[in-house]
Each structure stands twice: as structure tokens, then as C-alpha cells.
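K.L.:
Starting from these lines, generate the structure:
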Amino acid sequence: MQTLQSSPAGAALRVSSLEPLRKQSPQLSTSGRAGSKKQKQTWMKPISASAPKASSVAKRETDPKKRVVITGMGVASVFGNNVDVFYDRLLAGESGIDLIDRFDASKFPTRFGGQIRGFSSEGYIDGKNDRRLDDYLRYCIVAGKKALENAALGREGLSKKIDMERAGVLVGSGMGGLSIFSDSVQNLIEKGYRKISPFFIPYTITNMGSALLAIDLGLMGPNYSISTACATSNYCFNAAANHIRRGEADLMLVGGAEAPMVPIGLGGFVACRALSQRNDDPKTASRPWDKDRDGFVMGEGAGVLVMESLEHAMKRDAPIIAEYLGGAVNCDAYHMTDPRADGLGVSSCIKACLEDAGVSPEEVNYINAHATSTLAGDLAEVNAIKKVFKDTSEIKMNATKSMIGHCLGAAGGLEAVAAVKAITTGWLHPTINQFNPEPSVEFDTVPNVKKQHEVNVAISNSFGFGGHNSVVAFSAFRP
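P.N.:
Next comes the predicted model:
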């Protein structure tokens, strides 16, 4: 691995090894990014002058061709494949974290995670394909088709309900087909190239989730994937909404999928010293904003939304669940894994999201935080949020990862579903494992027990390795 550092003059790039990072024994931050206690900024140029500024008068989109609504949702999760069951179990404060039994993890310093058990694709993927697909593709396809069903767009007669050439797919993944990649490399080493699966390349690349959904469904609109580590899903939502706003698509199937629960996936994050090692009590291992947190807990799954223009949704009498108000993406431009110490990347991304959404900071009263349960990351995110929201008394903030773990590229997709369900139900799920809260957080984090709350505007944060920041905003739909 390599990291790029700019010279003070910004005129040259220097490649440096990851070895110094390893020697610092980092803890991963809010994005999964690592954060040491003291972060060096000696060469970092101040960029505050170029940070986006929220407009003084927030103006929301009114053109029905450009307003983007959510009409369907689908999940593949540690709590199953049904959106309502998924959210009910979140509201109940259940932990989906347990010891890994998919492979022998006994020699790893971390032996637990948010492993999906008993996953069923029956009725969504034919048996032959189901047996050979990488799990990230299985999760993607099931979540995507369930989202379409939820949007009253079941596969039967789909071409009669929408213009297939104006319906696209944008489902990203941070790591792609990690299982088939790992198996094929092992076969190459042990048995030679003839034993590499013919599906090695197509099932490994991150765009294949979107491609297979389109091939299966016949959707011919914009189709690709975005891979920005743990920020992936929100990047996809932002890009898909822009396709709709620009008139390039009527409808987009959007989200993220990830299946890292294999030896190389677990081992890779262990090598980064990123994961909690609370093997004696896995269900309490993911504890965002708790003083005794010791790293994040790896999870897996998929979260997919159906996004379409308000005009298109109304023409087909679609079930409108919520409205996507806007989003933003940017980069810390600081470090491969550490967050910026001054929080400028995250705070400016939130401000840009609000500006795009036509929302003032005072209108936001719920935040689904990235909050991964890492030492530096949790507080870095909170400090950045405080720069945007001067009065935190009316804002409630929770952490979905406390129950399902950190699903990497799929995290934002699953958390968007949770945020939309909070809007539609009026109930916020708890942040569990709040035993010894950090006093500096100064937010109502919905500790341990669900809470009623009428959500005005919700934002959902996702950050990833490479300094990728992404924020999206949702609200109830109001004609």
C-alpha cells in the first residue's frame, strides 16, 4: 500500500511506505480511518478559505422533475432481508454481533463480527447462479429486487410500468468479491492457474453488482459502481440523485453491498489494528461514544433504495416513502487512514450537503452518525458536527453500527434505510452498549432504549479510507 503526501509548496508528490503507519499502532477512526492520539499536520496547508459556505437563505427544490423521492427500500442484513423486521430489531436494541462460525477464526485476535447467518435468496436468484456467486453479489441482488418490490415494481411487467432505458442501477462496494478473490489466489498458489475460477474477474470487480441487477431486470439507464471504502453508499446516493436532477434518468436503484466476512477480510483489518478484541463479550463490543470502546466490529450486508423523480413517481402512483433532499461529497486531502485533526473535511461536507438540500442547520434534528466505535474517529466526527450545529439540544444522534457492526461499503445503505424508517415511524433506534459515555459528546445519543422523535430533517454521515467524506439528507415527503 502507498500513501501520497504533498510537499509544503504543493508542487510535488512523494510516495512513502505504510510501514511508519504500522509502527504507530493506529486505531481506526470514524470512517474506519485510523486516528493516532497526536496527528501531525506540519505539511498540511490551511484550506478554510476554500471550504463551501451554506447559503444564508435555504431554498429547497420545487421542480417535480428535480425533486428526488424514495419509493422503495431493500436490505440484506444480520437481521434478515425484510426492511420492517430489520428496523424492528434495531428498535428492540438487539445485537447482531456474535462469534464467527463461517470459518475457523480461533487463531485471530478478533473472533467475532456481524456475520449473516441463514441467508436465503430463494425466489430472487436461481439455484445454479446462487451457488457460484460471491456473497456480495447475492446480497446486492436480493436487496435490489426487494427494493423494487417495495416500490410496487416487482419484476413481472416491469417494462410496462417504467421506461427501461431511463432506469439505472448504481450499487457500490468497497471491496467487491473478496471471497472469490481469496479462493482464486489460493488455488493459483496451490494448484496452478488452471484452477482459477472463470468467474474470478467478473465476480470480483465492484461494478458487477449493478451489472447483474441490470441484466436480470433489463434496466438500461446509467449503470456503474462507486468505490470509496466506507463512504461508498452515500456517494452512490449523491450521484444517482444528480442523474435524476439532470434529466438523465427517471429512476435509479441505488446503494451498497459488502461481504468481507472471510479470513482475508478479517485478517486485513486485524493487521490494521482496527478491530475490537472483546472476544469474551461480542455483543457489547461495538460501543460508539463509550469511553471503553476499543475498535470497530466488522459487519456485512446490503442496503438499497429506489430513488426517482417526484414527477415520475406521481405519474405511476408510486408509494412515496420519504424525500431525498440533497447530499455532498469531499475529501480530507490529509491522510490515508487518519481523519483531519481540525475536522474541516467533515464539517464542510455537512455544510455543502445542507446547501444542496436547501436546509438550514436549525432544521436538522436527527443525525445517523458514522460512529464506528473507534478511539479517535467517534470524537472527530462529533467535533466536526459541533462546528456546524451550534445548538445541539434539539438534535438526537444514534449509531446503527452499535448493533449490526460496520458494514463498510454497505454501511451507508443500511443506515439510510434506518434513517428513512425513523422518519416514517417516529421512533429512533437506540445506540446500545452505552455504559460509560464520553462527556464531550453533548448530544442525546438515544442510549440503550428507543425513543419517540418526530424527525424534521435527518442527515446520515459516512466516511472512508482515503479521506472520503459523504453526507446525505432526508425528510418526510410533503407535496
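
K.L.:
the strands in the stretch 251-400 of the chain, which residues?
P.N.:
If DSSP state E, counting those that start in this stretch is used as the criterion, the strands of the stretch 251-400 of the chain fall at 251-258, 301-309, 322-331, 364-368, 396-398.

K.L.:
Pick the most deeply packed of the ones you listed.
P.N.:
strand 251-258 (a mean of 35; mean count of other Cβ atoms under 10 Å). From N, CA and C alone the C-beta is placed, and that goes for glycine too.

K.L.:
model confidence over that strand, on average?
P.N.:
What strand 251-258 shows for mean pLDDT is 98.

K.L.:
Tell me what angle that strand forms with strand 322-331.
P.N.:
Angle, strand 251-258 to strand 322-331, by axes from the mean of the first three to the mean of the last three Cα atoms, to 10 degrees: 60 degrees.

K.L.:
N82: how many residues sit nearby?
P.N.:
Neighbourhood size, N82 [other Cβ atoms under 10 Å]: 15.

K.L.:
give the contact list for it.
P.N.:
If a contact means Cβ atoms under 8 Å, 6 or more residues apart in numbering, then N82 has V75, K146 as its contacts.

K.L.:
what's the pLDDT at it?
P.N.:
Residue-level confidence at N82 comes out at 98, pLDDT.

K.L.:
isn't A239 right next to T228, touching?
P.N.:
No. Taking Cβ atoms under 8 Å as the definition, A239 is not a contact partner of T228, at 10.6 Å.

K.L.:
Looking at those two, which has the bigger crowd around it?
P.N.:
Taking neighbours as other Cβ under 10 Å, A239 and T228 compare with T228 leading, 27 against 18.

K.L.:
pLDDT score for that one?
P.N.:
For T228, the model assigns a pLDDT of 98.

K.L.:
And it, how far from N234?
P.N.:
Plainly put, T228 is 9 Å away from N234 if you go by Cβ to Cβ, to the nearest Å.

K.L.:
Which neighbours do those two have in common?
P.N.:
In contact with both T228 and N234: V329, S470, using Cβ under 8 Å, 6+ apart.

K.L.:
which residues does the closest residue to P202 other than its chain neighbours contact?
P.N.:
Sequence neighbours aside, M208 is the residue nearest to P202 in space, at 5.5 Å (criterion: Cβ to Cβ, 6 or more residues apart in numbering). Contacts for M208 (Cβ under 8 Å, 6+ apart) come out as L137, G176, G177, P202.

K.L.:
what does F389 give?
P.N.:
P361, V364, I395.

K.L.:
switch the cut-off to 10 Å
P.N.:
Shown in contact with F389 (Cβ atoms under 10 Å, 6 or more residues apart in numbering): S347, I350, L354, P361, E362, V364, N365, I367, I395, M397, F443, I459.

K.L.:
Let me know the closest of those to A92.
P.N.:
Nearest to A92 among the contacts of F389: M397, at 19.5 Å, using Cβ to Cβ.

K.L.:
Retrieve the pLDDT associated with that closest one.
P.N.:
98.

K.L.:
for it, what are its contacts?
P.N.:
288-289, 365-369, 371, 381-382, 385, 389, 428, 431, 441, 443-446, 459, 461.

K.L.:
measure it to L188 for me?
P.N.:
M397 is 46 Å from L188, by Cβ to Cβ.

K.L.:
coming back round to it: can you pick out the most distant pair from the contacts of M208?
P.N.:
Maximum pairwise distance among these (Cβ to Cβ): 10.4 Å, between G176 and P202.

K.L.:
Among those two, which residue is more densely surrounded?
P.N.:
The neighbour comparison of G176 against P202 (other Cβ under 10 Å) goes to G176, with 26 against 16.

K.L.:
That one against I205, yeah?
P.N.:
Yes. Using Cβ atoms under 10 Å, G176 is in contact with I205, at 5.9 Å.

K.L.:
what touches both of these two?
P.N.:
Listed contacts common to G176 and I205 are S225, S227; contacts here mean Cβ under 10 Å, 6+ apart.

K.L.:
got a list of what the nearest residue to P282 once chain neighbours are set aside touches?
P.N.:
Using Cβ to Cβ, 6+ apart and skipping residues adjacent in sequence, the residue nearest P282 is F112, 3.7 Å away. Contact partners of F112, counting by Cβ under 10 Å, 6+ apart, are 97-101, 105, 266, 275-283, 285-286, 297-298, 405.

K.L.:
beta partners for F112?
P.N.:
The partner list for F112 in beta bridges (DSSP bridges) reads L99.

K.L.:
M252 pairs with what?
P.N.:
G168, M307.

K.L.:
show me the contacts for the residue nearest the centre of the chain.
P.N.:
In the chain, the C-alpha nearest the mean C-alpha coordinate belongs to G412, at 2.1 Å (Cα atoms, centre = their mean). Applying Cβ under 10 Å, 6+ apart to G412 gives the contacts 172, 228, 230-237, 255-256, 303, 368, 370, 419, 460-464, 470-472.
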